[in-house]
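[1] Sequence unavailable; structure follows:
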């Protein structure tokens, strides 16, 4: 993805300076890919004679894929290396999801509003590049100024590395950015990086914590509310 210089910060509002960029999670935030991942996990574990539970599946939401592969090996009895497990899962989910991309409500609309306002965006996902690329390609050209995928960072979420890298590619500090997440793992990564973080929980609950702002749906979040999140805020946002 091409990089572009960061836009100047907007004037400070009552809550402080507005965010200069938005860093977007993908799975569960922009697209509802978790059912495809969970189905692939169940199928792979069953083929290897193991047992996979809903609790196991929920434990992997938002996780680094190699960590998920190691978990499947340990708890699902899949006798492959973590890297082989990830490749097997990707083979199963890429075609299913990209044939009919399951966008989350309000995701494309809010993303479009951010871009129309000239605010830089980066995708920060633990999916690997071959899974993220078709989703990015389904959006208008230039939607993302940078893309960080799970196979491009040494440490994935919940470590701060992915969000630090996303901000770096935009030429910004993470503290100047808002991250949009759906899972505890992803939210922990964003907060650890220093991002102002909006959480829209989907498959798993995300507990209230310093640095997190909650919303029920991206449909209820305005552009001004998103960009105006105060550093360290702990509240909820909605359209006025």
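    Here it is on my side, so go on. All of these numbers come straight from a predicted model, not from anything done at the bench. Numbering: from 1, shown residues only.
[2] Show me what the strand or helix carrying residue 213 is packed up against.
    Residue 213 is part of strand 212-214, with elements assigned from DSSP states H and E. Helices and strands touching strand 212-214, by 3 or more C-beta pairs under 8 Å, 6 or more residues apart in numbering; DSSP states H and E, are strand 196-199, strand 235-236. In short, each C-beta sits where N, CA and C put it, glycine included.
[3] please redo it, this time with the cut-off set to 10 Å
    The contact analysis (3 or more C-beta pairs under 10 Å, 6 or more residues apart in numbering; DSSP states H and E) places strand 212-214 against strand 177-181, helix 184-193, strand 196-199, strand 235-236.
[4] what's the least confident stretch among those?
    Per-stretch mean pLDDT for the helices and strands packed on strand 212-214 is lowest at strand 235-236 (a mean of 64).
[5] Residue 110: what's it in contact with?
    Applying C-beta atoms under 10 Å, 6 or more residues apart in numbering to residue 110 gives the contacts 22, 24, 30, 104, 180, 198, 217-223, 226.
[6] strand partners of the strand holding residue 213, parallel vs antiparallel please.
    Using DSSP bridges, the strands paired with strand 212-214 in its sheet are strand 196-199 (parallel), strand 235-236 (parallel).
[7] What residues sit buried inside the longest one?
    Along strand 196-199, the positions that meet the burial threshold by neighbour count (16 or more other C-beta atoms under 10 Å) are 196-199.
[8] what about the closest residue to residue 185 other than its chain neighbours, helix or strand, and which?
    Counting by C-beta to C-beta, 6 or more residues apart in numbering, residue 185 lies nearest to residue 62, which is 3.6 Å off, once chain neighbours are set aside. Under DSSP H and E, no helix or strand contains residue 62.
[9] Fine, thanks again, bye for now.
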